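Asker: Okay, sequence plus prediction incoming.
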Amino acid sequence: MVVGSLRQETEVAIIGGGPGGYVAALRAADLGKEVTLIEERERLGGVCLLEGCIPSKAMISLVEMASAAREAAKAGLTFDNLRIDPDALREWTESVVDGLTRGIDGLLKRRGVEVIQGRAKFDGSRSLILENSDTAGIDFRECIIATGSRIDELPLGYDLPVWSSVEALQIPEVPERLLVIGGGYIGLEMGLVYAGLGSKVTMVEFLPRLMAGADPDLTDVVVKNCKKKFEAIMVESNVLAVEQASSGFAVTIEHQGETKKEEFDQVLVAIGRKPNTDKLGLETVGITPDDDGLIEVTPEGRTSASNIFAIGDVTAGPPLAHKAIREAKVVAEVIAGKPSAFDNQAIPAVVFTDPELAWVGLTEREAALRGTKINVGRFPLAALGRARTMGRTDGLVKIISDPESNLVLGVGMVGAHASELIAEGTLALEMGATLEDLMVTIHPHPTLSEAIMEATEVAAGSAVHVQAEKG
Amino acid sequence: MYEFKLPDLGEGVHEGEILKWHVTAGAAIQEDDPLVDVETDKAAITIPSPRTGTIVSVTGNVGDTILVGDVVVVIDDGTKSDMVTASVAQDAEVSRVEVLSSTQAVARDTKPNGDGRSLVAATPAASWGRVVAAPATRRLAREMRIDIQLVPPTGPGGRVTPEDVKRFTDQPDTPSGIIEPDTAVEEPQEPAEVERAAPSSHAIPFLDLEPLPDFTQWGPVEKEPLRSIRRKVAHKMVTSMVLVPHVAHMDEVDVTALEELRRGEKERRAGQPGGKMTLLSFVIKTVTAGLKTAPVFNASLDPFGEEIIYKKFYNIGVAADTERGLVVPVIRDTDEKSILQVSAEIEEAAAKAREGTLSVEDLRGGTFTITNIGPLGGTGMIPTINYPEVAILAMGRVQEKPVVVDGEIVVRKMLPLTLAFDHRIADGAEAARFVSDIVRRLSDPNALLIET
């Protein structure tokens, strides 16, 4: 099987070539460390690049373009034969992913990072053994665990060929009737993609609301659009059984107390992720993951074993690429002896629905749960010149601040390009900005970014374009 | 003929470095085939060919920087040179440039996720537990080892400013805010370690660490990882050379009289402890006496506290070449010991160094270092200060030389000395006086006896 197995030595061993692992490798190499990156798959990039963020956004971009093209009829732009070719879309998406993975290969190579394919497992506090690899093992001084997370599977219909996001992103077919189980952001994003490709989409969610983590005033705008594009949305629902049927799957759903059986051509399960910490041999190095499988780390990213670090989805916090990327840089700097720490004040959440949903920092919902006094300034995009010229008046921006100090505590938004605009809110939180800071900053006109300034003015009670809310 | 110019690479990038050519002049190329790999400070990009045809010429070699708008290649695509067509096509090419990798592009995105784990788990505690300070201010506090939570804020909304952090260190009654240094990543028991370098490294203009070329293209190589002592020495030397403005002061000592005395004593004391009576032990005692009158050479500069720390003890490090690398065992309290005692301790340290049994304690606490490279050869050398010490003295080889004494050329035994010192806190005049004192005492054993 393995010819000429050898043990290797390195300064820093990194397990996992996703956005956390490869960024840590690049940063550590730039800081003068000898780095070996171990990746189980043939290609680098992890879930984010191979079967997550990147391919899904490629598909969403196209579906939204088609949707915008149809909307443009009002403004005088018409198409005779507008259609999406799923085969071409799949090919294009693959080319995007392929280009990016090759880019990562190149960046690592030029920094002299050694990339080894294999599955790593600890067999000592300074050594790893590798399976399915040309290398038998690696001795290291420091190790970074960046193994990420995997899709949580539905306990029902386990053996059936239902889809997860991985299959859905490969567009094996465009099913006529698609059931999406899970109204979180993967469910919503993929549901909208398939609705855009022509599927009749039904969504079931266990909780009373879709996107339960976000504030309802934001999600309402998205749900309103989803109601137009989906066949049905069933909240407070539970999938009791999935069985194979002649035309696809027969699914038993309990919806608000009533049980019914419906048939679908395909079922997409999108109910969450779980960390990849169970097959790493962590017990040999004295690291015990918590009940959710997460590894506890210090702000420096250090685990209970002082020369072993962990970043990204295997640690607490949202399982997002941008969190892993920041943690990767912190850990690389700590290993290089720099005074670095993950002391970030906020991690933005972004959902690429139509319209986009984004928030950062405190939400109204959390403030209510904690009993925190807040001040909220809301500004509807319908009142914004640029939104009107784009024909995208659906949405709003809100600024949540501390009534005492006027510090910005949170920013939420729904609307076109919210995923881009949220960056200003994140910066405001990191910088410790007050309402004044956002308000006096000149925002270019006419752009959507003005909504942030306007909402801040509303919060400060000095808005010129809307009547200040009182209360 | 089609002149393809480097298109706008986006994100404010105006230039890129050529990493790899996929084509050479004369090669046939298809539209969309890779032309050249360019690395910008944001991403690595493969630029595809906009045309099908033959490459007439390529501009620039690997490693060259090309600017947006520079002609990258000329492609013979069967058309006549037409500037208008070219520039229109150029605009179209912009969208074809494929950003192969960009952390920004990845960072901007989110990962598909259901409701299994909350998206907002890492929301900051609002104003109650939150640190209101810009990231750069938080880093400043970490560098100064200050717990920023304890710093009284003066900024708007209770924001901690950089000035607040700096002011905090000036308060004498706040020791609780000072954080102990982090656990060192490297094991502390490694020899040659004196102090962990203070964790500060700001960018130095023009300092550009590029990856080494692939030497195997010119011949076979063998690689050896940088480990243990070698690595530690590398760290310390770079710290010293980058941080400390070195000045070297050189002189020669006539040790004819001293050598006569020393050889006599050596014969008499052969076999006894300290009986080797090396020249080094005389130099150590002489230097110790000198340090008493020039305390700045026995000091350290604290760049964080901006203080000069004068040490009231005299521990002289002696650079030693061992099989495992350079180590600097320390001879302690040399002001309280006789030349014979110092000589005995050098013998002891040398034996331990040979056997590899020096402990961390044997290597710590030095205040001044002497390196005696002379016996190995060379007429002189410029040593590197053993940071955070202030000075180091290098001894060259004692050689018989013709010198002029009282108007006549005579043969004398001469010892070359070089003092390298930290010009931040010591000046040339002090160094000259310090070295002159050493020279005077070493050249006159009577002075050595009376003054040390």
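Answerer: Right, received. Where do you want to start?

Asker: Any buried residues in the one helix or strand in chain A whose mean pLDDT sits lowest, and which?
Answerer: Scoring the helices and strands of chain A by mean pLDDT, DSSP states H and E places strand A:6-9 at the bottom, with a mean of 86. Of all the residues in strand A:6-9, those buried under the rule 16 or more other CB atoms under 10 Å in any protein chain shown are A:Gln8, A:Glu9. Where C-beta positions appear, they are placed from N, C-alpha and C, glycine not excepted.

Asker: now it, how far from the chain's geometric center?
Answerer: Chain-centre distance of strand A:6-9: 36 Å, with CA atoms, centre = their mean, to the nearest Å.

Asker: Sheet-wise, list the partners of it with their directions.
Answerer: With DSSP bridges as the test, strand A:6-9 is paired with strand A:135-139 (parallel).

Asker: What backbone torsions are found at the residue in chain A that chain B sits nearest to?
Answerer: Proximity of chain A to chain B (CB to the nearest CB) peaks at A:Gly272, 1.7 Å away. A:Gly272 adopts backbone torsions of phi 130, psi -180, taken as degrees, to the nearest 10.

Asker: and if you look at the one 5 residues further on?
Answerer: Backbone torsions of A:Thr277, given as degrees, to the nearest 10, read phi -120, psi 0.

Asker: How about the contacts made by it?
Answerer: A:Ile145, A:Thr147, A:Pro289, A:Gly293, A:Leu294, A:Ile295, A:Val314 (CB atoms under 8 Å, 6 or more residues apart in numbering or on different chains).

Asker: And the residues you listed, which of them are buried?
Answerer: Listed as buried from the contacts of A:Thr277 are A:Ile145, A:Thr147, A:Pro289, A:Leu294, A:Ile295, A:Val314; burial here means 16+ other CB under 10 Å.

Asker: SS state for the second one?
Answerer: Following DSSP: H, G, I helix; E, B strand; the rest coil, A:Thr147 is assigned to coil.

Asker: circling back to that earlier point, present the buried ones among the contacts of A:Thr277 as JSON lines; the columns should include pLDDT and distance to chain B.
Answerer: Converted to JSON lines, those look like this (pLDDT from 0 to 100; distance: CB to the nearest CB, whole Å):
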{"residue": "A:Ile145", "pLDDT": "98", "distance to chain B": "16"}
{"residue": "A:Thr147", "pLDDT": "97", "distance to chain B": "14"}
{"residue": "A:Pro289", "pLDDT": "96", "distance to chain B": "14"}
{"residue": "A:Leu294", "pLDDT": "96", "distance to chain B": "9"}
{"residue": "A:Ile295", "pLDDT": "97", "distance to chain B": "14"}
{"residue": "A:Val314", "pLDDT": "97", "distance to chain B": "12"}
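
Asker: for these, which one is nearest B:Arg433?
Answerer: Distances from B:Arg433 to the buried ones among the contacts of A:Thr277, taken as CB to CB, are shortest for A:Ile145 (58.3 Å).

Asker: Do I have it right that A:Thr101 meets A:Leu49?
Answerer: Yes - counting by CB atoms under 8 Å, A:Thr101 touches A:Leu49, with 6.2 Å between them.

Asker: Quick check: residues of the stretch 51-200 of chain A near chain B?
Answerer: Contact residues, the stretch 51-200 of chain A versus chain B (CB under 8 Å from any CB of the partner chain): A:52-54, A:56-57, A:99-100, A:102-104, A:106-107, A:110-112, A:141-142, A:152, A:165, A:182-187, A:189-190.

Asker: Return the list of strands paired to the strand or helix carrying A:Ala358, each annotated with direction.
Answerer: Taking DSSP states H and E as the criterion, A:Ala358 maps to strand A:356-361. Paired with strand A:356-361 in the same sheet, following DSSP bridges, are strand A:349-351 (antiparallel), strand A:408-415 (antiparallel).

Asker: quick one, which of those strands is nearest to A:Gly76?
Answerer: The closest of the strands paired with strand A:356-361 to A:Gly76 is strand A:408-415. By CB to CB, the value is 23.1 Å.

Asker: Just give the closest residue to B:Ile370, not the sequence neighbours.
Answerer: B:Leu393 (4.9 Å; CB to CB, 6 or more residues apart in numbering or on different chains).

Asker: export the helix or strand encompassing that neighbour as PDB, just CAs?
Answerer: Using DSSP H and E, B:Leu393 maps to strand B:391-395. Listed next in PDB are the C-alpha coordinates belonging to strand B:391-395 (Å, rounded to 0.1, in the frame of the first residue of the first chain):
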ATOM      1  CA  ALA B 391      29.100  45.600  25.300                       C
ATOM      2  CA  ILE B 392      31.200  42.600  24.300                       C
ATOM      3  CA  LEU B 393      35.000  42.400  24.100                       C
ATOM      4  CA  ALA B 394      36.700  40.300  21.500                       C
ATOM      5  CA  MET B 395      40.300  39.000  22.000                       C
END
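
Asker: and that strand, how far out from the chain's middle?
Answerer: With CA atoms, centre = their mean, you get 19 Å for strand B:391-395.

Asker: If you average the pLDDT over the helix or strand that comes right after that strand, what comes out?
Answerer: Counting by DSSP H and E, the next helix or strand C-terminal to strand B:391-395 is strand B:399-405. In this model, strand B:399-405 has an average pLDDT of 93.

Asker: and strand B:399-405, which strands flank it?
Answerer: Here, using DSSP bridges, strand B:399-405 pairs with strand B:408-422 (antiparallel).

Asker: what comes up buried for the helix or strand that the partner strand is followed by?
Answerer: Downstream of strand B:408-422, the next assigned helix or strand under DSSP H and E is helix B:428-443. Buried residues in helix B:428-443, counted by 16+ other CB under 10 Å: B:Glu430, B:Ala431, B:Phe434, B:Val435, B:Asp437, B:Ile438, B:Val439, B:Arg441, B:Leu442, B:Ser443.

Asker: And for stretch B:376-394?
Answerer: Across stretch B:376-394, burial judged by 16+ other CB under 10 Å covers B:380-381, B:383-394.

Asker: Ok, stretch A:274-291 next?
Answerer: For stretch A:274-291, burial by neighbour count (16+ other CB under 10 Å) applies to A:Lys274, A:Pro275, A:Asn276, A:Thr277, A:Leu280, A:Leu282, A:Val285, A:Ile287, A:Pro289.

Asker: Likewise for stretch A:58-78?
Answerer: For stretch A:58-78, the buried set under the neighbour-count rule, 16+ other CB under 10 Å, comprises A:Ala58, A:Met59, A:Ile60, A:Leu62, A:Val63, A:Glu64, A:Ala66, A:Ser67.

Asker: Let me see the contact set for the last one.
Answerer: Residues counted as contacts of A:Ser67 (CB under 8 Å, 6+ apart) are A:Gly196, A:Asp354.

Asker: That one: helix or strand, and which one exactly?
Answerer: For A:Ser67, the host element (DSSP H and E) is helix A:53-71.

Asker: the inter-axis angle of that helix versus strand A:356-361?
Answerer: 130 degrees (axes from the mean of the first three to the mean of the last three CA atoms, to 10 degrees).

Asker: So for helix A:53-71, mean pLDDT?
Answerer: Averaged across helix A:53-71, pLDDT comes to 93.

Asker: Only C-alpha atoms, please: export it in PDB.
Answerer: Once non-C-alpha atoms are left out, helix A:53-71 reads as follows in PDB (Å, rounded to 0.1, in the frame of the first residue of the first chain):
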ATOM      1  CA  CYS A  53     -19.300  29.200   0.600                       C
ATOM      2  CA  ILE A  54     -17.700  29.500  -2.800                       C
ATOM      3  CA  PRO A  55     -19.700  27.100  -5.000                       C
ATOM      4  CA  SER A  56     -23.000  28.200  -3.300                       C
ATOM      5  CA  LYS A  57     -22.300  31.800  -3.900                       C
ATOM      6  CA  ALA A  58     -21.400  31.100  -7.500                       C
ATOM      7  CA  MET A  59     -24.800  29.500  -8.000                       C
ATOM      8  CA  ILE A  60     -26.600  32.200  -6.000                       C
ATOM      9  CA  SER A  61     -25.000  35.000  -8.100                       C
ATOM     10  CA  LEU A  62     -26.400  33.400 -11.300                       C
ATOM     11  CA  VAL A  63     -29.800  32.700 -10.000                       C
ATOM     12  CA  GLU A  64     -30.100  36.300  -8.700                       C
ATOM     13  CA  MET A  65     -28.900  37.700 -11.900                       C
ATOM     14  CA  ALA A  66     -31.700  35.800 -13.700                       C
ATOM     15  CA  SER A  67     -34.200  37.100 -11.100                       C
ATOM     16  CA  ALA A  68     -32.900  40.700 -11.500                       C
ATOM     17  CA  ALA A  69     -33.100  40.300 -15.300                       C
ATOM     18  CA  ARG A  70     -36.800  39.300 -15.000                       C
ATOM     19  CA  GLU A  71     -37.500  42.200 -12.500                       C
END
